[in-house]
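**Student:** sequence-free structure coming up:
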């Protein structure tokens with residue numbers, strides 16, 4: 001059975017690699033959706049650079065401890081600092097730079113995230129001047145179409161340097177730690193930056209039950 005699964009995955013990749021460079025993004029998303037669905041029975045799939053080397057587009061991996069266990073996502077559109085990513089099978093995430101600002105299809109109903117000092121983390125390149133503290137505001141759509149707002153006070157600091165493996169390539173990255181709290185709850189987000197300030201990986205809180213792990217495979 002495992003051999004059959006592997007063959008199916010490789011066949012999907014071969015079909016993907018045969019696509020022309022002017023293929024529509026919709027067709028590409030269908031390929032990503034197929035690849036994602038093939039690993040449904042095996043919740044966490046380990047991808048390799050060899051498997052993904054012909055995907056010449058920005059590509060991210062998303063993992064959560066919620067209904068969306070793992071997915072590869074491609075950007076559908078970009079406007080200003082906002083990037084709209086899709087798994088090709090219904091799940092979408094909107095990023096404001098490095099920050100997850102909106103989700104759809106993963107039972108979070110997150111509709112916006114605002115940082116008091118928007119210039120920070122609103123780009124994948126972290127600015128030279130360190131951010132010490134800021135207010136962060138999460139907005140959610142409720143079942144009765146109302147907006148539930150949660151405000152947090154966040155503090156920031158740099159952590160230790162780590163070697164992080166991203167699909168077979170090792171990066172020397174520095175932790176950037178975001179600790180947030182209010183009267184009812186608290187959480188910690190972590191962003192991993194290279195020496196140029198580029199954010200390759202992050203762990204981000206979505207609500208009290210779910211967090212997302214984002215890895216940039218192709219920037």
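**Tutor:** Right, received. Where do you want to start? It should be emphasised that the depicted structure is a prediction, and the values quoted were computed from it without experimental measurement. Residues are numbered from 1 along each chain as shown.
**Student:** any idea what residue 163 is bridged to?
**Tutor:** Partner residues in beta bridges with residue 163, using DSSP bridges, are residue 172.
**Student:** where's it relative to residue 81, distance?
**Tutor:** Relative to residue 81, residue 163 is positioned 29 Å away (C-beta to C-beta, to the nearest Å). C-betas here are computed from N, CA, C, even on glycine.
**Student:** do residue 67 as well
**Tutor:** Between residue 67 and residue 81 the distance, using C-beta to C-beta, works out to 27 Å.
**Student:** repeat that for residue 54.
**Tutor:** Where residue 81 is concerned, residue 54 sits at a distance of 29 Å (C-beta to C-beta).
**Student:** of those two, who's got more company?
**Tutor:** Higher neighbour count among residue 54 and residue 81: residue 81, with 17 against 12, using other C-beta atoms under 10 Å.
**Student:** confidence score at the more buried one?
**Tutor:** According to the model's per-residue confidence, residue 81 sits at a pLDDT of 84.
**Student:** just residue 206 next, same as before
**Tutor:** According to the per-residue confidence, residue 206 scores 98 in pLDDT.
**Student:** please name the residues that touch it.
**Tutor:** Contacts for residue 206 (C-beta atoms under 8 Å, 6 or more residues apart in numbering) come out as 64, 66, 100, 103, 108, 110, 212.
**Student:** in the residues you listed, find the pair that's most separated.
**Tutor:** For the contacts of residue 206, the farthest-apart pair by C-beta to C-beta is 66 and 100; their separation is 12.6 Å.
**Student:** correct me, but residue 107 touches residue 90?
**Tutor:** No. The pair residue 107 and residue 90 fails to qualify as a contact (C-beta atoms under 8 Å) at a distance of 11.8 Å.
**Student:** overlap in contacts of these two?
**Tutor:** Where contact means C-beta under 8 Å, 6+ apart, no residue is in contact with each of residue 107 and residue 90.
**Student:** give me the low-pLDDT residue ranges for this structure?
**Tutor:** Using pLDDT under 70 as the threshold, the predicted model of the chain has low-confidence ranges 1-43, 118-120, 122-130.
**Student:** now the strands for it?
**Tutor:** With DSSP state E applied, the chain shows strands at 59-64, 70-79, 82-86, 92-96, 99-104, 110-115, 133-141, 147-166, 169-181, 186-193, 199-205, 211-218, listed in chain order.
**Student:** wait, which of the ones you listed is closest to residue 49?
**Tutor:** Checking the strands of the chain against residue 49 by C-beta to C-beta gives strand 169-181 as the closest, at 7.0 Å.
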